[in-house]
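> sharing a model prediction with you, sequence too.
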Amino acid sequence: MTSNEHQNPTGMSSPSAQTLAFDVYGTLIDTHGLVSMLETFAGKNAAALSQLWRQKQLEYSFRRALMKRYRSFAECTAEALEFACNSYQVTPSEQQHQALLEGYRRLPAFPDVTAGLERAQAAGFRLYAFSNGLASDVESVLAHAGVRKYFLDIVSVDEVRSFKPDPNVYRHFMQRAESSPEKSWLISSNPFDVTGARSVGIQAIWVQRSTDAVFDPWEFRPTAIVSSLQEIAAAAKPA
């Protein structure tokens, strides 16, 4: 899929424009959108199991990147689900297991996503989806959520066989989007992702949807913090 197939309706697709790289899972898409499915076999532990599933999914991606033993995010997701189920001593049927993994391609978007993307697009930004997920999976989940049309293209870490926050992943994004650090902004709810972008000189906005969310006390801080994607267009200004 190329950017020409999903051209921004505003016409502001020139590389000279500010480029917004939207993280997908956890920022645009709610990774806990399958709790009701988990309840069918995990009962009252469904929400906690979902949290552990997500935690291990990210941990496995970090570990594989460090070990240089790449496997796709979909494989990390499947392995993390197995770990979470084992931890809570529950065993989904083969049908339930497959339905959960397929459901990851149809997760819901957060309520603020459509309006936030519309505002950013109308403001003339170049919008890209930038994800740990396989491009085909991201295509599916964004299409299901009804927001694929807002993006010029999808950039997947699979193209460099590593994961965020590997510096090479962010450099790859800029190459693919034909953008520079001073004209690039990462938009993410995941602190590790924001830290990774800032470490290579990219501007980054942390989407702090909950006041309970805490940012890592590192030397790399967000360029801006917002509570909703509807604030992105105003927050992402030229560096």
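Received the coordinates, thanks.
> what about residue 69, neighbour count?
Residues within reach of residue 69, counting by other CB atoms under 10 Å, total 9. Any C-beta I mention is one placed from the backbone N, CA and C, and that applies to glycine too.
> check residue 42 too.
The burial count for residue 42: 21, using other CB under 10 Å.
> per-residue pLDDT, it?
Residue 42 is assigned 97 on the pLDDT scale.
> buried set for the lengthiest helix in the chain?
In the chain, assigned by DSSP state H, the helix with the most residues is helix 46-67. Of all the residues in helix 46-67, those buried under the rule 16 or more other CB atoms under 10 Å are 46, 49-50, 52-54, 56-58, 60-61, 64-65.
> what segments of the protein are helices?
With DSSP H applied, the chain shows helices at 35-42, 46-67, 73-87, 94-103, 113-122, 135-145, 167-177, 191-199, 232-235, listed in chain order.
> just name the most buried of the ones you listed.
Each of the helices of the chain was scored by mean neighbour count; the highest is helix 191-199, a mean of 22, by mean count of other CB atoms under 10 Å.
> and that helix, what other elements does it pack with?
The elements that helix 191-199 packs onto, with contact taken as 3 or more CB pairs under 8 Å, 6 or more residues apart in numbering; DSSP states H and E, are helix 167-177, strand 184-188, strand 203-207.
> nearest to residue 154, of the buried residues of helix 46-67?
residue 61 (17.5 Å; CB to CB).
> residues in contact with the spatially closest residue to that closest one that is not a sequence neighbour?
In space, and not counting its chain neighbours, residue 61 is closest to residue 163: 4.1 Å by CB to CB, 6 or more residues apart in numbering. Residues counted as contacts of residue 163 (CB atoms under 8 Å, 6 or more residues apart in numbering) are 61, 62, 64, 65, 70, 73, 132, 157, 169.
> fine by me, we can end here.
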